[in-house]
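Asks: quick one: sequence plus predicted model below, questions after.
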Amino acid sequence: MSVPLKPENVLAVRARLGEGPTWNHAQQVLHWVDIYNRRVHTFDPSSGEDTFIEVDTIVSGLFLEDQQHLVIAQENGLTRLNLQSGETTPLVAIEADRPNNRLNDVRADCHGRCWVGTMNNDEEPQANLYRCDPDNSLHRMETGLSISNGLGWSPDWRTFYLTDSPRQVIYAYDFDAESGTISDRRPLIDLSHESFYPDGLTIDAEGCIWSAMWEGWCVIRFDPAGQEMLRVPMPVPLVTSCTFGGKDLTDLFITTASAGLSQAQLKQSFEAGDLFRVQTDIKGLPSDRCVRH
């Protein structure tokens, strides 16, 4: 790594719980959410301008459908959001009958299928992972999770990654891209010896995993075998997620949170909840895109 990994604060916004950063390469903007403030943001790095659309429930993540629409994960379902009008269209309900669960991280695979996990508010092992196909049919793919978090795939689409934050584990699965099935779950990265928790993640073009560390003051890069390669120190404790963007996909955008920090902690970490960028010499992968019918 020849470029120093120094985080730059690009948006002083103090989000309560920033998450879900997704790069829109065609428009050269970053879409991201503030979960508790129920806002879907669009940030333009070239101008520094950030706009948002407020929706009716918490919003935990998103992915691109096309240049006019996002699919967002709300409290108990997936929703289409029109970026021009702000109009929302419900797509599919998920765990609406489980009031102590809500949706969390969401991604789309190479065949336009949506993968979304739930989380249990008491961190009990009652959360699940679902696959929602383009026809909105829903399939439960994993059970017994506490907080289904950072999701992603290897560059060759042969390995699927899933984070269970309270267990401090990032799992790897075999992934069959044609059928959309996962198998052979194994712990790839075990952080039970640490005092922080893996949150959102992204994968670079070399197949390495960049995981944001909640209460960890850092983002960690792991090689495909799960070995730590480097840490990106952050000026805030609650680091939530990251994704690559920029013209060359070498800028790492990092979301953070301020919710739950005391006044003393906020004084120490006055940039908590802000949006950061780290310039790297490593190329990321294009953002997910899911075309729904």
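Replies: Perfect, thanks for sending it.
Asks: how about Asp190, what does it touch?
Replies: Taking C-beta atoms under 8 Å, 6 or more residues apart in numbering as the criterion, Asp190 is in contact with Gln168, Val169. C-beta coordinates here come from the backbone N, C-alpha and C atoms, glycine included.
Asks: identify the bridge partners of it.
Replies: Judged by DSSP bridges, the bridge partners of Asp190 are Val169.
Asks: how about Ser148?
Replies: Those that pair with Ser148 in a beta bridge, by DSSP bridges, are Asp164.
Asks: next one: the one 4 residues further on
Replies: In this structure, Gly152 has beta-bridge partners Tyr161, where bridges are defined by DSSP bridges.
Asks: that one - how many residues pack around it?
Replies: Neighbourhood size, Gly152 [other C-beta atoms under 10 Å]: 23.
Asks: how far away is it from Glu271?
Replies: Using C-beta to C-beta, to the nearest Å, one gets 26 Å for the distance from Gly152 to Glu271.
Asks: could you check which helix or strand contains the residue in the chain sticking out farthest from the centre?
Replies: Relative to the centre of the chain, the most outlying C-alpha is that of Ala264, 27.9 Å out, by C-alpha atoms, centre = their mean. According to DSSP states H and E, Ala264 maps onto helix 263-268.
Asks: which residues touch stretch 79-94?
Replies: Applying C-beta under 8 Å, 6+ apart, the external contacts of stretch 79-94 come out as 40, 42, 53, 55-56, 62, 65, 68-72, 76-78, 103, 116, 118, 130, 132, 136, 138, 292.
Asks: could you do stretch 178-188 as well?
Replies: Applying C-beta under 8 Å, 6+ apart, the contact partners of stretch 178-188 are 109, 111, 113, 131, 133, 139, 141-142, 160-161, 169-176, 222, 225-226.
Asks: and with 7 Å instead?
Replies: For stretch 178-188, the external contacting residues (C-beta atoms under 7 Å, 6 or more residues apart in numbering) are 109, 111, 113, 131, 141, 160, 169-175, 226.
Asks: low pLDDT regions in this protein?
Replies: Along the chain, segments meeting pLDDT under 70 span 1-3, 288-293.
Asks: mind doing that once more with 50?
Replies: Low-confidence segments of the chain (pLDDT under 50): 293.
Asks: show me the contacts for the closest residue to Leu145 other than its chain neighbours.
Replies: Once flanking residues are discounted, Leu145 sits nearest to Ala127: 4.2 Å by C-beta to C-beta, 6 or more residues apart in numbering. By C-beta under 7 Å, 6+ apart, Ala127 lies in contact with Asn101, Gly117, Thr118, Met119, Asn120, Leu145, Ser146, Ile147, Ser148.
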